[in-house]
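[1] Quick check, what structure comes out for this input:
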Amino acid sequence: MHVLQTLIFSLGMEISSVSALPGPLSLVSAFSRISTELDSLSLGNCSYPHAVLPLNSTSVQLPNPSSGLTLKHIAIGRGTQNYTCENSTSAAVPVSIGAAATLFDASCVAAKSMNLLHEMPAVIGSSPLGSLAFLAELLSHTTNSSNLILGEHYFNTAGVPVLDLRLSGLSDWIVAAKTASVDAPQYSSTADQNVAWLQLDRLYGSGIEEVYRVETYQGSAPATCSGLNKTVIVQYAAEYWFYG
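    Coordinates of the predicted model:
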C-alpha cells in the first residue's frame with residue numbers, strides 16, 4: 001500500500017464519527033481520493049491563474065478585494081478558536097479570545113483543482129489536531145516539497161490577529177483588523193458549527209494588505225457556558241487567501 005494511504009487509513013480509523021462526513025470509512029475514502037489527486041502535483045509555490053475567491057457561496061457576500069491587489073498566497077489553516085467563560089451557567093455565553101493555527105501552503109492544491117481545495121478544510125479539520133506531522137505529509141508527500149508549512153496565525157498581546165508567513169522564508173506578515181464578516185454558508189451539515197467568513201485589512205506589516213478567511217470548518221463557540229471550563233478550545237480549519 002502507498003505510504004501516504006497507509007497513514008491515511010491508520011489516522012482515519014481514529015477520527016471521531018462526529019463530522020460533516022458520514023463516518024470514518026467515508027473519511028478514509030476521502031483521504032484516499034485526495035491522495036490520488038495530489039499524486040500528479042510536482043512542487044510547492046505553484047501558480048494558480050484561474051483561482052477565484054468563493055465570495056458567491058454566502059447569502060450575504062464579503063466585499064471584493066481592493067482594486068490593484070494581487071492574490072499572493074492560498075493557505076489551509078488548522079488550529080483552534082479560543083473562548084473564555086466567566087462562569088459555567090446557561091446564562092453566560094463564551095467570549096472569543098482569539099485563535100491559533102498553522103498555515104499550510106495550498107498553492108499546488110489550488111492549481112490542481114478549486115473543488116479539491118474547498119474540500120481540504122473539512123478533511124483536514126476532521127483529523128486530530130495533534131497530527132500536524134500527518135497534515136504536512138498529506139500536502140507534501142506527493143508534491144516533492146520539503147516544507148509545506150507556510151506560516152502561523154495567532155493573536156498578539158493586544159488581542160489583534162496576526163498572520164505571519166516568515167516561517168517559510170517569506171517576508172510577508174500582517175497584523176490585521178476585521179473589516180467584514182458573514183455567516184458561513186448553509187451547504188454542509190456542520191454549517192451551524194462553522195465560524196464566520198471574514199475580510200481582514202492590514203493595520204501594519206509587510207507584503208500583505210488584505211486576508212480572507214473562507215470555507216471554514218467548525219470553530220464556533222458552544223451556545224452557552226453551561227458545564228464548561230473557563231477556557232474553551234474549539235478546533236477548526238479554513239482557507240486563507242492573501243492579497244498584496
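
[2] Can you show me the helices along the protein?
    Along the chain, counting by DSSP state H, helices occupy 3-12, 24-38, 107-112, 114-125, 132-140.

[3] So for the fourth one, mean pLDDT?
    Right, the one you point to is helix 114-125. What helix 114-125 shows for mean pLDDT is 90.

[4] Would you mark the buried spots in it?
    114, 116, 117, 118, 119, 120, 121, 122, 123, 124, 125 (16 or more other Cβ atoms under 10 Å). To be clear about C-beta, it is placed using only N, CA and C from the backbone, and glycine gets the same treatment.

[5] list the contacts for the third one?
    When contacts are counted by Cβ atoms under 8 Å, 6 or more residues apart in numbering, residue 117 touches 74, 106, 109, 110, 215, 239.

[6] Who wins on neighbours among those residues?
    When neighbours are counted by other Cβ atoms under 10 Å, residue 106 leads these with 29 neighbours.

[7] That one and residue 74 touch, don't they?
    Yes - if you go by Cβ atoms under 8 Å, residue 106 and residue 74 touch, sitting 4.8 Å apart.

[8] Could you name every residue contacting both of these two?
    Common neighbours of residue 106 and residue 74 (Cβ under 8 Å, 6+ apart) are 117, 239.

[9] so where is the protein shaky, pLDDT-wise?
    1-45, 129-147 (pLDDT under 70).

[10] quick one, strands of it?
    Per DSSP state E, the chain carries strands over the ranges 71-84, 95-105, 149-155, 161-164, 173-182, 197-206, 210-218, 231-243.

[11] Can you point out the buried residues in the second one?
    The one in question is strand 95-105. 98, 99, 101, 102, 103, 104, 105.

[12] Neighbouring strands - and their directions - for that strand?
    Taking DSSP bridges as the criterion, strand 95-105 sits next to strand 71-84 (antiparallel), strand 149-155 (antiparallel) in its sheet.

[13] How far does the first one sit from its chain's centre?
    Centroid separation for strand 71-84 versus its chain: 4 Å, with Cα atoms, centre = their mean, to the nearest Å.

[14] What of the last one?
    Averaging C-alpha positions (Cα atoms, centre = their mean) puts strand 149-155 11 Å from its chain's average.

[15] so it versus strand 173-182, what angle?
    Counting by axes from the mean of the first three to the mean of the last three Cα atoms, to 10 degrees, strand 149-155 points 70 degrees away from the direction of strand 173-182.

[16] Give me the contacts around strand 149-155.
    73, 75, 77, 79, 97-105, 136, 161-168, 170, 173, 240.

[17] Thanks a lot, catch you later.
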